[in-house]
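S.K.: Mind looking at a prediction? Sequence and model below.
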Amino acid sequence: MTNNLVLGDSEIRSVLRSQLSQKHAHKSRSVFIEELGLCRGQVRVDLSVVNGLLHGYEIKSDRDSLRRLNSQVELYGKVFDRATLVVGERHLAEALDNVPGWWGILLVHRSAKELQLKTIRSPRSNPKKDPRALVELLWLDDALALLEERDAARGFRGKARWIVWDRVCEICSLNEIARAVRTQLKARAKKLVRV
């Protein structure tokens, strides 16, 4: 295979975005976010779909290395309801051996006419998320608003965000935090689209 036939990240991202746009076209509440930072910027997610779930997609083209994949899997597992790895042929066997069973795997390949994505493994629900990692996706004002809804913001206005995040984790369930995060991510994404 010559180098110009090796699929790169931008080609794969374009096909993935197109396929997901078609899949979610009838769902007006779905938004797409590229390069979402998790865990205070320790990792950036190639593409996230936010609707009733938070689903992260990580792209590993044949030009990429898998050396960061284990840490990415760990951090994605703290936040996402579902996750999918999108790989070329070069990384498929290693991906099957190294990503948890709840992760989906899509294989990207070139057909005679176009790039295609083939489902190798469908994603399932993440068995264990971390409320503290999830709450870090809330901006300080959003986290304070969540405390205000519970009449628990007194004494926390003006505090550092990590103190506010800790308080949210003390009084809110994982489901409440996840719902607030999805709502805020969708609101931010819609504002960016309008600009």
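M.R.: Structure received. This is a predicted model, so every value here is computed, not measured. Numbers count the residues shown, from 1 in each chain.
S.K.: now the helix or strand hosting residue 37, how far from the chain's geometric center?
M.R.: In this assignment (DSSP states H and E), residue 37 forms part of strand 31-38. Put simply, strand 31-38 sits 6 Å off its chain's centre (C-alpha atoms, centre = their mean, to the nearest Å).
S.K.: just stretch 39-47 next, same as before
M.R.: 8 Å.
S.K.: Alpha carbons of it, as CSV, please.
M.R.: Only the C-alpha atoms of stretch 39-47 are listed here, as CSV (Å, rounded to 0.1, in the frame of the first residue of the first chain):
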residue,chain,number,x,y,z
CYS,A,39,-10.6,15.6,33.1
ARG,A,40,-9.3,19.2,33.1
GLY,A,41,-7.8,18.8,29.6
GLN,A,42,-5.9,15.5,30.1
VAL,A,43,-7.5,14.2,27.0
ARG,A,44,-9.4,15.5,24.0
VAL,A,45,-12.2,13.5,22.5
ASP,A,46,-12.2,13.4,18.7
LEU,A,47,-16.0,13.6,18.4
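S.K.: picking that back up, tell me which other helices or strands the strand holding residue 37 touches.
M.R.: Strand 31-38 sits against helix 9-23, strand 43-50, helix 69-79, helix 174-194, with contacts defined as 3 or more C-beta pairs under 8 Å, 6 or more residues apart in numbering; DSSP states H and E. For every residue, glycine as well, the C-beta is placed using N, CA and C.
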